[in-house]
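S.K.: attaching a predicted model along with its sequence, questions to come.
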Amino acid sequence: MLNLRTCAAKLRPLTASQTVKTISQHRPAAPRTFQQIRCYSAPVAAEPFLSGTSSNYVEEMYYAWLENPKSVHKSWDIFFRNANAGAAPGTAYQSPPPLSTSLSVLSQAQFLGQAQPNVDKLVEDHLAVQSLIRAYQIRGHHVAQLDPLGILDADLDSSLPADLITSTDKLGFYGLDESDLDKVFHLPTTTFIGGNESALPLREIIRRLEMAYCQHIGVEFMFINDLEQCQWIRQKFETPGIMQFTNEEKRTLLARLVRSTRFEEFLHRKWSSEKRFGLEGCEVLIPALKTIIDKSSEKGVDYVIMGMPHRGRLNVLANVIRKELEQIFCQFDSKLEAADEGSGDVKYHLGMYHRRINRVTDRNITLSLVANPSHLEAADPVVQGKTKAEQFYCGDTEGKKVMSILLHGDAAFAGQGIVYETFHLSDLPSYTTHGTVHVVVNNQIGFTTDPRMARSSPYPTDVARVVNAPIFHVNADDPEAVVYVCNVAAEWRSTFHKDVVVDLVCYRRNGHNEMDEPMFTQPLMYKQIRKQKPVLQKYAELLISQGVVNQLEYEEEIAKYDKICEEAHARSKDEKILHIKHWLDSPWPGFFTLDGQPRSMTCPSTGLNEEDLTHIGQVASSVPVEDFTIHGGLSRILKTRGEMVKNRTVDWALAEYMAFGSLLKEGIHIRLSGQDVERGTFSHRHHVLHDQNVDKRTCIPMNHLWPNQAPYTVCNSSLSEYGVLGFELGFAMASPNALVLWEAQFGDFHNTAQCIIDQFICPGQAKWVRQNGIVLLLPHGMEGMGPEHSSARPERFLQMCNDDPDVFPKLDDFDVRQLYDCNWIVVNCSTPANFFHVLRRQILLPFRKPVSARSSAPGSVLLWLTVLPSPVAGTHFLRVIPDSGPAAQSPERVKRVLFCTGKVYYDLTRERKARQMEADVAVTRVEQLSPFPFDLLQLEAQKYPAAELVWCQEEHKNQGYYDYVKPRLRTTINRAKPVWYAGREPAAAPATGNKKTHLTELQRLLDTAFNLDAFKDLA
């Protein structure tokens, strides 16, 4: 098609100062029969025979010649060949010879194309221009004017790319020189700088490329491997005159800048000595966010979930979420009393949930800003998980109604690995939120650290390239450029449902906080900042000069917002009590009473009728899809399950299956996530069956249990703990009517997600009055598998429990009230039945608490069997399982009570039987470690009045449960007796890597446990 356009265009009058018009596109392209040559180096003489209706005739001849050169007279063949070779029509034309001329003479007619010495040069020049255009598309951002201060290159590189025409001598890189600037070149289809023109002089091509890529916007997108997406971006930034704003849009932008700027100035006037992490230097963030929200609302989004660090958070709450100003201002009152439960958090960490009308689109929109800790970027996966959940519950399978916006700081975006983990969830089927808009507040500094010392990449945003997310860098002192980029980002997300990054290159007018002195470490930067005119003043002066607003209107806008702030400040003085629940980011309507309390303090039975248990067991041991071939080994596993159901026994995997299946029947959505959870690390679960003959054909029997059941989601995660656990925590935030579980591949792998555990799960309710029912399944057990595959580090969870070891609780409804008062629940189940009950209890409780369950331990634990009656109707989770053997029948004769938890119970009972000490030693299992079962263990201690009390564990003494259990067990007996220890010695590593050493240590602890004289000399 290019051949047609080129040659046909040259058959019309053309001069060097004119542009070539594209010929009709309706005629199909003919096969290429010649080498394509384009020549715009010389003026083309106007030829009379090419004007008027004659040109149509010539064009028809040309098309015929393209299809078959022999179909036209030889003179026309020579003409078209000469014209195509670059000759002007006046010289390409050869007069027809006399009729008497022989064909041999005609064939010798001059072919001017052979006399064109510059043909190769013309081809090279054309290719050079294409390369030049591509160079600007790839590297134009490196010379864009991005830094408002004008002192630092945003890409940390002061050198100029050799292939960008920053001066005329750079033309030599392409084999061009200054004399070529006025030559006209046809534009390739991979650029939109021509607008309606298909050819431009080189000088104009360079000018338009500079306008598109080298001004206040720098676009990184050429790494994207999808042509349609690249073309879409080119069109948005290259089309001449595309970045136009109406006067009304400019006035709206000015009003938003007024609110953003005057809010910070008001806080500074009223509380100059308070930390608030203000937005000064990037006030344009507020109109940027509002633009993204407006455009997304226009595209159909009605719920936006946001996550951000502390900088600018109060401004976002006030001017984007629209939190009442008096509730923000009263946070600065040091005399304000806290009324709610918990310890609260500083004002610049709090979240918010608000539903309102979007004034631009006149549509309802819900905005949620997720509360976060100081750990920068930790909230990223939490926001994504909550977004995924909200999409799931409203059936938004394409992300058209619910979306997320994540705000970042430049240093954190480049430095925090959780950013990378979160990006890698963006396109996974069970984790995608169908596109997130990332906005980086690029202060060009991290606390006191210069970006040249803070990252190795050119930009802080380079991490986004791994998922083909386009990156739009923009000078934050150009509000219109910022708003345009944000509109494009929102449109990109709506069009392609993929991530996009907006990099607001700005500055930080104050130090890290308002009390910090930045001149200590960045003197030159802050000398320039002191001189820098605020963006509001710059933009107001621009609009006044354009006649869009006048000085009086501008001053009235400022006065109007100042009055709003003053009136809100006056009302804030009437606030005497701080209600943290007013800052809740994820309310659960209808789950609690109106004042936020549980509707009861009881928990119904967690058992089931045997008919339902049998039905679930039968489905779990079958393939509910026809013509589905499973692995032979799996057939044996399913057969074994079926036999267990007939024999009325369950193992660990079947107990879990029954708990899940029963909740699905009750309408409870279940989501199980983690590394290899579909099969199970220990090949015990097999919740996803794979057809052995058809690739990617799978079956999830759990979704075939009941006609109207809730859906079951089970998904192998990426090899990430921090990101995935944060994601699942966010998913669990959205609704109390779902059981969300994250399973570590091995229990100790949770330590790479420690930030989520320490900052969100453990203190989340205390800080933000936000309950969460997430379950952590942490395989745990000492079986000689080495230091890394043994301990789930229970001591860390127990250390963070909020119960007092020295106080015996005096409570009504002891077990449920104790659960309500705790910050989380730690269990170590020793039977499949108890594991079944604790999973069901998690949903049947009238409130939600996180659970850390050391349950699916390696090896032997998966084979433990429970006789079926223990999960049936009327039964409950057992916090303590007393001894039921000879010792319990004659408690007065018992000489020692071994308290333990988990699978060590089976080692102890096996050793006790071998030593024939069943009547002398009682073994009591503590299934729920926290909250501590003071009441039940007090009864156990009183039952054996003459017995020594010993805590026995397989973990080392400085690990495991001993330091947590000992003081609490002493409290239950009023410190009347010592509590002895039987277990491994203190150690730095969780377990030995030597099998023989492991067995030796195990035998030593068993010897201590059953040596009735072991503690005689220590008493």
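M.R.: Sure thing, it's come through.
S.K.: with only the CA atoms kept, save stretch 926-940 in CSV.
M.R.: Only the C-alpha atoms of stretch 926-940 are listed here, as CSV (Å, rounded to 0.1, in the frame of the first residue of the first chain):
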residue,chain,number,x,y,z
VAL,A,926,-3.4,-27.9,74.8
GLU,A,927,-5.0,-27.4,71.4
GLN,A,928,-5.6,-23.6,71.7
LEU,A,929,-2.5,-21.8,73.0
SER,A,930,-3.9,-18.3,72.7
PRO,A,931,-6.1,-17.1,74.2
PHE,A,932,-4.8,-19.3,77.0
PRO,A,933,-7.4,-21.8,78.4
PHE,A,934,-6.9,-20.8,82.0
ASP,A,935,-10.2,-22.3,83.1
LEU,A,936,-9.8,-25.7,81.6
LEU,A,937,-6.1,-26.1,82.6
GLN,A,938,-7.0,-25.1,86.2
LEU,A,939,-9.4,-28.0,86.2
GLU,A,940,-6.7,-30.3,84.9
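S.K.: for it, list every residue counted as buried.
M.R.: 926-938, 940 (16 or more other C-beta atoms under 10 Å). For glycine as for every other residue, the C-beta is placed from the backbone atoms N, C-alpha and C.
S.K.: how about stretch 426-446?
M.R.: 426-427, 431-446.
S.K.: helix or strand: which one has residue 741?
M.R.: Here residue 741 sits within strand 738-743, counting by DSSP states H and E.
S.K.: actually residue 667, not the one I typed
M.R.: Judged by DSSP H and E, residue 667 forms part of no helix or strand.
S.K.: can you tell me how far it is from residue 957?
M.R.: 46 Å (C-beta to C-beta, to the nearest Å).
S.K.: the more surrounded of the two?
M.R.: For residue 667 and residue 957, the more surrounded residue by other C-beta atoms under 10 Å is residue 957, and the numbers stand at 15 against 12.
S.K.: for the more buried one, phi and psi?
M.R.: phi -60, psi -40 (degrees, to the nearest 10).
S.K.: excluding sequence neighbours, find me the nearest residue to it.
M.R.: residue 986 (4.7 Å; C-beta to C-beta, 6 or more residues apart in numbering).
S.K.: who's in contact with that neighbour?
M.R.: Each residue near residue 986 by C-beta atoms under 8 Å, 6 or more residues apart in numbering is listed here: 956-958.
S.K.: and these, which is closest to residue 145?
M.R.: The shortest approach to residue 145 among the contacts of residue 986 belongs to residue 958, at 59.2 Å (C-beta to C-beta).
S.K.: next up, the contacts around the closest one.
M.R.: Residue 958 touches 795, 986-987, counting by C-beta under 8 Å, 6+ apart.
S.K.: distance of it from residue 989?
M.R.: 11 Å.
S.K.: how about residue 520?
M.R.: 43 Å.
S.K.: the two: which is more packed in?
M.R.: residue 989 (13 against 10).
S.K.: quick check: chain neighbours aside, which residue is closest to the more buried one?
M.R.: residue 787 (4.3 Å).
S.K.: doesn't residue 988 make contact with the one you found?
M.R.: No. Look at residue 787 against residue 988 with C-beta atoms under 8 Å: they stay out of range, at 9.3 Å.
S.K.: looking at those two, which is more packed in?
M.R.: residue 787 (14 against 8).
S.K.: pull the contacting residues for the more buried one.
M.R.: Contacts of residue 787 (C-beta under 8 Å, 6+ apart): 989-993.
S.K.: got a winner among those residues for most neighbours?
M.R.: Counting by other C-beta under 10 Å, top hit in the contacts of residue 787: residue 991 with 26 neighbours.
S.K.: quick one: that one and residue 746, what's the gap?
M.R.: Relative to residue 746, and taking C-beta to C-beta, residue 991 is found at 11 Å.
S.K.: swap in residue 363?
M.R.: Taking C-beta to C-beta, one finds residue 363 at 48 Å from residue 746.
S.K.: these two: which has the busier surroundings?
M.R.: The neighbour count for residue 363 versus residue 746, taken as other C-beta under 10 Å, is higher for residue 746 (22 against 14).
S.K.: from residue 760, how far out is the more buried one?
M.R.: 22 Å.
S.K.: got it, and residue 429?
M.R.: Counting by C-beta to C-beta - residue 429 and residue 760 are separated by 25 Å.
S.K.: got it, and residue 925?
M.R.: Taken as C-beta to C-beta, the span from residue 925 to residue 760 is 31 Å.
S.K.: just to revisit the earlier point, quick one: which of the buried residues of stretch 426-446 sit in strands?
M.R.: Among the buried residues of stretch 426-446, the ones falling in strands (DSSP state E) are 436-442.
S.K.: where does the stretch 301-450 of the chain have low pLDDT?
M.R.: 338-342 (pLDDT under 70).
S.K.: all strands for it, in order.
M.R.: 303-307, 337-338, 352-358, 363-369, 402-409, 436-442 (DSSP state E, counting those that start in this stretch).
S.K.: with distance to residue 782 added, can I get the ones you listed in CSV?
M.R.: Formatted as CSV, the strands of the stretch 301-450 of the chain follow (distance: least, C-beta to C-beta, whole Å):
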stretch, distance to residue 782
strand 303-307, 39
strand 337-338, 44
strand 352-358, 45
strand 363-369, 44
strand 402-409, 41
strand 436-442, 42
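S.K.: just checking, residue 957 touches residue 980?
M.R.: No. In this structure, residue 957 is not within contact of residue 980 by C-beta under 8 Å, at 11.6 Å.
S.K.: top helix in the protein by residue count?
M.R.: Determined from DSSP state H, the single longest helix within the chain is helix 247-270.
S.K.: I'd like to know which elements it is packed against.
M.R.: Contacts defined by 3 or more C-beta pairs under 8 Å, 6 or more residues apart in numbering; DSSP states H and E place helix 247-270 against helix 285-298, helix 313-316, helix 479-496, helix 535-546, helix 551-572.
S.K.: count of neighbours near the closest residue to residue 593 other than its chain neighbours?
M.R.: On the basis of C-beta to C-beta, 6+ apart, the spatially nearest residue to residue 593 that is not a chain neighbour turns out to be residue 599, at 6.0 Å. By other C-beta under 10 Å, the residues close to residue 599 number 11.
S.K.: and residue 599, how far from residue 591?
M.R.: 8 Å.
S.K.: just residue 853 next, same as before
M.R.: Counting by C-beta to C-beta, the gap from residue 853 to residue 591 is 23 Å.
S.K.: and these two? Which one has more around it.
M.R.: residue 853 (23 against 16).
S.K.: wait, which of the helices and strands packed on helix 247-270 is closest to residue 375?
M.R.: Using C-beta to C-beta, the nearest of these to residue 375 is helix 313-316, at 14.4 Å.
S.K.: show me what the closest one is packed against.
M.R.: So helix 313-316, by 3+ C-beta pairs under 8 Å, 6+ apart, packs with helix 247-270, helix 285-298.
S.K.: okay, the buried residues of stretch 926-940 in JSON lines with pLDDT next?
M.R.: Formatted as JSON lines, the buried residues of stretch 926-940 follow (pLDDT from 0 to 100):
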{"residue": "926", "pLDDT": "97"}
{"residue": "927", "pLDDT": "95"}
{"residue": "928", "pLDDT": "96"}
{"residue": "929", "pLDDT": "96"}
{"residue": "930", "pLDDT": "94"}
{"residue": "931", "pLDDT": "96"}
{"residue": "932", "pLDDT": "97"}
{"residue": "933", "pLDDT": "96"}
{"residue": "934", "pLDDT": "96"}
{"residue": "935", "pLDDT": "95"}
{"residue": "936", "pLDDT": "96"}
{"residue": "937", "pLDDT": "96"}
{"residue": "938", "pLDDT": "96"}
{"residue": "940", "pLDDT": "96"}
